[in-house]
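J.: Structure for the following, please:
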Amino acid sequence: MKAQNVQKGSKTNRGGIRFSDWNNYLFLLPALVFMAIFIIYPIFYNAVLSFKDVNVYNLNGKQNFVGFDNYIKTFKDQVFYIAAKNSVIFTVVSIFFQFVIGFALALLFNSKFPGRNLFRSLMLLAWMLPVVITGTVFQWMMSGDYGVINYFLQSIGLIDQPINWLSEGNTALLGTIIANIWIGIPFNMIILLSGLQTLPEQLYEAAKLDGANRLLQFKHITLPLMRPTILVLLMLGIINTFKVFDLIFIMTAGGPVTSSTVLPIYAYQLSFSMFDFSHGASVSMIMFVLLILVAIVYLKMSNKEEAH
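T.: Alright, predicted model coming up:
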């Protein structure tokens, strides 16, 4: 009889306390409010801003709707293509070396040797340090006059004169890439190491009995089983690297000229140096769409992996 008296759309726990199905969503309300205020609204506002003519002169005045004019102006700007090219180079090179070095370290730390936990903890320092500190340290290390990198290269005879790594157009982007690789290696190592530790040891023991060496084990066991982890890692790496702003801003601020200007720096310069807020918003929306496409590609690849 008690169960029959429970209203439709509600349920009871063991203590007899009744909860409406709608009450369950109240637990999600704080997260939904947070997302609406700090994620959904800024994206929506930025999208609307990109279709208007908003600058420092009419920020509090009449803001005209201009349609796709800001996007057309963006695609006609040569700096946009330079920034896009730099973003692609910065992302691809950083992800490649972060992944390769991180995977090598993950394989190393997956084996047992004295001091493994200590060295693994020390590796995390690069990831735990604030980007401001990392950028400042690498800026000092790459200084043309007293940088330790020039001192080391000169001491082993690779260069005759100091190189102004961050002040020359040919090396400024490279300097920021090196710093970003150093930051991202620990993250790649930890994610890959977590995946390696979940692999069943029985497969490797069976492979050894069949005469497979370490290279064959890596090719036919480790890589196939690690593919889902690798896909997630690469997607996160592409998103995080493509939108890097603070490190490059600290080290070069996009200079000299546009040699290290990436899309986030370009959008910042348009909005807060030239005060063309709508133009900067259009660049941000283009970046947003590109990252959405990356996420869609990842989801399709992930679905294929699950199907197999």
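J.: average pLDDT for stretch 187-199?
T.: The pLDDT scores in stretch 187-199 average 93.
J.: Would you mind extracting the C-alpha trace of that stretch into PDB?
T.: Extracted C-alpha coordinates of stretch 187-199, given in PDB (Å, rounded to 0.1, in the frame of the first residue of the first chain):
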ATOM      1  CA  PHE A 187      51.500  16.100 -19.300                       C
ATOM      2  CA  ASN A 188      52.100  13.700 -22.200                       C
ATOM      3  CA  MET A 189      54.200  11.400 -20.100                       C
ATOM      4  CA  ILE A 190      51.700  11.100 -17.300                       C
ATOM      5  CA  ILE A 191      48.700  10.400 -19.600                       C
ATOM      6  CA  LEU A 192      50.700   7.800 -21.600                       C
ATOM      7  CA  LEU A 193      52.200   6.300 -18.400                       C
ATOM      8  CA  SER A 194      48.700   5.900 -17.000                       C
ATOM      9  CA  GLY A 195      47.600   4.100 -20.200                       C
ATOM     10  CA  LEU A 196      50.700   1.800 -20.200                       C
ATOM     11  CA  GLN A 197      50.100   0.700 -16.600                       C
ATOM     12  CA  THR A 198      46.600  -0.600 -17.500                       C
ATOM     13  CA  LEU A 199      47.900  -2.900 -20.200                       C
END
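J.: contact partners of it?
T.: Residues outside stretch 187-199 that contact it (C-beta atoms under 8 Å, 6 or more residues apart in numbering): 98-99, 101-103, 105-107, 109-110, 120, 123-124, 127, 221-222, 225-226, 229-230, 232-233, 237. C-betas here are computed from N, CA, C, even on glycine.
J.: Now do the buried residues in it.
T.: Using 16 or more other C-beta atoms under 10 Å as the test for burial, stretch 187-199 gives F187, N188, M189, I190, I191, L192, L193, G195, L196.
J.: next one: stretch 298-305
T.: By neighbour count on 16+ other C-beta under 10 Å, the buried set for stretch 298-305 is Y298.
J.: next one: stretch 285-293
T.: Applying 16+ other C-beta under 10 Å to stretch 285-293 flags M285, I286, M287 as buried.
J.: Wait, a strand at the second one?
T.: No - using DSSP: H, G, I helix; E, B strand; the rest coil, the secondary structure at I286 is helix, not a strand.
J.: Identify the residue spatially nearest to it, adjacent ones excluded.
T.: T74 (6.9 Å; C-beta to C-beta, 6 or more residues apart in numbering).
J.: Mind pulling up the pLDDT for the one you found?
T.: At T74, the predicted lDDT confidence score is 96.
J.: Please name every helix or strand in contact with the host helix or strand of it.
T.: Here T74 sits within helix 69-76, counting by DSSP states H and E. Packing partners of helix 69-76 (3 or more C-beta pairs under 8 Å, 6 or more residues apart in numbering; DSSP states H and E): helix 277-307.
J.: average pLDDT for the helix it packs on?
T.: On average, the pLDDT along helix 277-307 is 90.
J.: what's that helix packed up against?
T.: On a contact count with 3+ C-beta pairs under 8 Å, 6+ apart, helix 277-307 meets helix 41-49, helix 69-76, helix 223-242, helix 263-268.
J.: Tell me how far it lies from the chain's centre.
T.: Put simply, helix 277-307 sits 13 Å off its chain's centre (C-alpha atoms, centre = their mean, to the nearest Å).
J.: contact partners of the helix holding T74?
T.: Residues outside helix 69-76 that contact it (C-beta under 8 Å, 6+ apart): S50, F51, D53, F80, S278, H279, A281, S282, V283, I286.
J.: repeat for stretch 275-291
T.: The contact list for stretch 275-291, computed with C-beta under 8 Å, 6+ apart, reads 43, 46-47, 49-56, 59, 66, 70-71, 73-74, 80, 238-239, 242-243, 263-264, 266-272.
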